[in-house]
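Colleague: generate coordinates for the sequence data below:
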Amino acid sequence: MPSECGRPTSRWRRLAATLLTTLSAGALALLTASPAAAQIVNVQPLIGGDVEKQGLSVTFEGSADMRRGNTNITSLSGSAVGQYRTGRHLFFLLLRGDFGENADVTFLNKDLEHFRYRVDLPGPFSWEAFVQHDRDAFRRLSLRALFGTGPRIHIVRWTKFEAALGMAYMLENEELALGNFPDSGLVVLAQRLSTYCVLSTRLSDNLQVAATIYLQPRLDWIYDVRVLHESSILAKATKHFSLKLTMTSAFDAEPPAGVAPLDTTVRGSFLATF
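Modeller: Numbering: from 1, shown residues only. Model prediction:
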């Protein structure tokens, strides 16, 4: 927030350095992977798919790491994606949860729900509206609820390659958890501009690569900006089952007290689509 921000020049230097970091997110994530809690949620690679396919489709994604003996770790992650297409209308719902425990001490605990509606307009244009709720105990976020709407344009839409840009006005409400921090219990209502660029290519019928960059500055305080870079590789094993590797780097210029501004992660998961 403005009253707590440092020198603008320093913050812009931090942001510039982070933007350079996101360009090599894969290498960075492999070297510094840690449990990530990116506040920007990238749903773009999950939406759409085959534009000719009408009706309902559902995808389940999950990963688990359970160790016993000298190391006692339980890490569970799961999500469900449902989308329904009818004509030029698309309805999308994402549900996601993550939980981790090490020697009976919880180190990961978050959940998210995201609903989006997209309608195709004449030419390369479409319009989106979305709502979202999420919670993340280790970012001290007890509640985040938001609404947004704006246009999307397909720059390129070929058979095996797609590039798109999106822009939306977003109204966001955040509530921080109680605790021994100067901003504990703080409630912030903010307006942001949410912009993104998404690139997706099919290297073969069974292999798809996608990359997305989000930039979300706060409209009344430009130094409060969030950046997300996410790259993924999706390999289809069969018609219904796939393997996915995702590398993410997320930056928050104004994180809550005691929360690091940069999160990175590498995640491998198994998907089932019906």
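Colleague: look up the closest residue to residue 181, ignoring the ones flanking it.
Modeller: residue 257 (4.3 Å; C-beta to C-beta, 6 or more residues apart in numbering). To be clear about C-beta, it is placed using only N, CA and C from the backbone, and glycine gets the same treatment.
Colleague: the one you found contacts residue 185, doesn't it?
Modeller: No. With contact defined as C-beta atoms under 8 Å, residue 257 and residue 185 do not form a contacting pair (11.8 Å).
Colleague: give me the more crowded residue out of those two.
Modeller: Using other C-beta atoms under 10 Å as the criterion, residue 257 and residue 185 rank with residue 257 on top: 14 against 11.
Colleague: so where's the stretch 51-200 of the chain uncertain?
Modeller: 51-52 (pLDDT under 70).
Colleague: strands of that one, start to end?
Modeller: Under the criterion DSSP state E, counting those that start in this stretch, the stretch 51-200 of the chain carries strands at the ranges 55-67, 73-86, 89-102, 105-120, 125-136, 141-157, 161-176, 187-204.
Colleague: and those: which comes nearest residue 274?
Modeller: For residue 274, the closest of these is strand 55-67, at 5.4 Å, according to C-beta to C-beta.
Colleague: so who does the residue nearest to residue 181 touch?
Modeller: Contacts for residue 257 (C-beta atoms under 8 Å, 6 or more residues apart in numbering) come out as 140, 181, 182, 183.
Colleague: from residue 256, how far off is the second one?
Modeller: The one in question is residue 181. 7 Å (C-beta to C-beta, to the nearest Å).
Colleague: what of the last one?
Modeller: Noted for residue 183: a distance of 6 Å to residue 256, by C-beta to C-beta.
Colleague: so which of the two has more stuff around it?
Modeller: Neighbour tally, residue 183 and residue 256, criterion other C-beta under 10 Å: the higher count belongs to residue 256, 19 against 14.
Colleague: so the more buried one touches residue 176, yeah?
Modeller: Yes. The criterion here is C-beta under 8 Å, and residue 256 meets it with residue 176 at 5.4 Å.
Colleague: list the residues that contact both of the two?
Modeller: 140, 141, 183, 186.
Colleague: of the residues you listed, closest to residue 121?
Modeller: residue 141 (34.6 Å).
Colleague: for that closest one, which non-adjacent residue is closest in space?
Modeller: In space, residue 141 is closest to residue 135, 6.2 Å off (C-beta to C-beta, 6+ apart).
Colleague: wait, isn't residue 75 in contact with residue 108?
Modeller: Yes. The criterion here is C-beta under 8 Å, and residue 75 meets it with residue 108 at 6.8 Å.
Colleague: what do those two both touch?
Modeller: Joint contacts of residue 75 and residue 108 (C-beta under 8 Å, 6+ apart) are 99, 100, 101.
Colleague: which of those residues has the most neighbours?
Modeller: Ranking these using other C-beta under 10 Å puts residue 100 first, with 18 neighbours.
Colleague: partners of that residue in the sheet?
Modeller: For residue 100, the beta-bridge partners under DSSP bridges are residue 75, residue 108.
Colleague: my guess is it meets residue 138, correct?
Modeller: No. Residue 100 is beyond contact range of residue 138, at 9.3 Å (criterion: C-beta under 8 Å).
Colleague: sorry, back to before: mutual contacts of residue 181 and residue 256, please.
Modeller: Joint contacts of residue 181 and residue 256 (C-beta under 8 Å, 6+ apart) are residue 140.
Colleague: show me the contacts for residue 230.
Modeller: By C-beta under 8 Å, 6+ apart, the neighbours of residue 230 are 25, 42, 45, 211, 212, 246, 247, 248, 249.
Colleague: run the last query once more with 6 Å
Modeller: 42, 212, 248 (C-beta atoms under 6 Å, 6 or more residues apart in numbering).
Colleague: what helix or strand does it sit in?
Modeller: strand 221-236 (DSSP states H and E).
Colleague: buried sites along that strand?
Modeller: Using 16 or more other C-beta atoms under 10 Å as the test for burial, strand 221-236 gives 223-234, 236.
Colleague: pull the most distant pair out of the residues you listed.
Modeller: Longest span within the buried residues of strand 221-236, C-beta to C-beta: 223 and 236, 42.8 Å.
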